[in-house]
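Enquirer: need a structure here:
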Amino acid sequence: MALILVVIGAVLYYTRRFSFGGVQTQGRHVRAAGLLLMFPAAFTFLLSFFAGVIFARSEAAIVTLFNIMAAVEIISMVLAVGAAYILLANPSNAPRLPGILGEIQRERQDEPAAAPQPPVVRVQPVQPAREHFPTIMTVAQAAQYLQVSEAQIMDLIDGGKLAAARINYNYRIAKSNLDELLAAREATSSV
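Expert: Purely as a prediction, here's the structure:
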């Protein structure tokens, strides 16, 4: 598990960017979070090495040392992930981090809020003029011509309200039949 944190931390450190869910940020605090995530693996490795050299005299001592190092690694990973979360997400109710991490956290909280993103404007595709359609159309072209769905065209064909020729499981519809349907619709809507 610590190796996964090392990889994530290295990516954060070198890219200086973080984007996950609703959190998107970049800068010095991302590098600090990356270093925090890499710390547990390096810390437990060095601690295990020196403790092994000093205290590993028997097999029982090695097993005990291994269990202690596993607990130390888990605790340090939890603390590192928590501190990295505070640096990255900048929650309003977060506790103050100590030392240089606290300074980085304070800088992050003093940053001006990101400028609001302009709303996304979705532009409807321009419908070609009715005179630019072919005289014989597919169901998709007929749907575009009448500005309805293909399912509605199929319902009109199946209901006998729109004449169409069937060629190899595909329908072909005359433009004149569509114009008649449009004229009938306009006559009923104007009444």
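
Enquirer: quick one: the strands in this protein?
Expert: For the chain, the strands defined by DSSP state E occupy 17-20, 23-26, 136-137, 165-167, 170-174.

Enquirer: Which other helices and strands does the last one contact?
Expert: Same thing as strand 170-174. With contacts taken as 3 or more Cβ pairs under 8 Å, 6 or more residues apart in numbering; DSSP states H and E, strand 170-174 sits against strand 136-137, helix 139-146, helix 150-158, strand 165-167. (C-beta placed from N, C-alpha, C; glycine too.)

Enquirer: Now tabulate those in JSON lines and tack on mean pLDDT, distance to residue 81 and mean neighbour count.
Expert: As requested, these are exported to JSON lines (pLDDT from 0 to 100; distance: least, Cβ to Cβ, whole Å; neighbours: other Cβ atoms under 10 Å):
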{"stretch": "strand 136-137", "mean pLDDT": "93", "distance to residue 81": "60", "mean neighbour count": "18"}
{"stretch": "helix 139-146", "mean pLDDT": "91", "distance to residue 81": "52", "mean neighbour count": "19"}
{"stretch": "helix 150-158", "mean pLDDT": "92", "distance to residue 81": "50", "mean neighbour count": "16"}
{"stretch": "strand 165-167", "mean pLDDT": "89", "distance to residue 81": "63", "mean neighbour count": "9"}
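
Enquirer: Quick check: which of the ones you listed is nearest to residue 22?
Expert: Smallest distance to residue 22 across the helices and strands packed on strand 170-174 (Cβ to Cβ): 36.6 Å, for helix 150-158.

Enquirer: What lies in contact with that closest one?
Expert: By Cβ atoms under 8 Å, 6 or more residues apart in numbering, the surrounding residues in contact with helix 150-158 are 139-140, 142-143, 146, 162, 164, 171, 173, 181.

Enquirer: Just the pLDDT for residue 35.
Expert: With respect to pLDDT, residue 35 scores 86.

Enquirer: Now it: closest residue in space that isn't a chain neighbour?
Expert: The shortest distance from residue 35 to any non-neighbouring residue, by Cβ to Cβ, 6 or more residues apart in numbering, is to residue 13 (6.2 Å).

Enquirer: hang on, isn't the one you found packed against residue 36?
Expert: No - contact criterion Cβ atoms under 8 Å: residue 13 and residue 36 do not qualify, at 9.8 Å.

Enquirer: Name the residue in the two with the higher neighbour count.
Expert: Taking neighbours as other Cβ atoms under 10 Å, residue 13 and residue 36 compare with residue 36 leading, 26 against 17.

Enquirer: Okay, that one and residue 141: tell me how far apart.
Expert: Distance, residue 36 to residue 141, by Cβ to Cβ, to the nearest Å: 59 Å.

Enquirer: Residue 19 now?
Expert: The spacing between residue 19 and residue 141, counted by Cβ to Cβ, is 42 Å.
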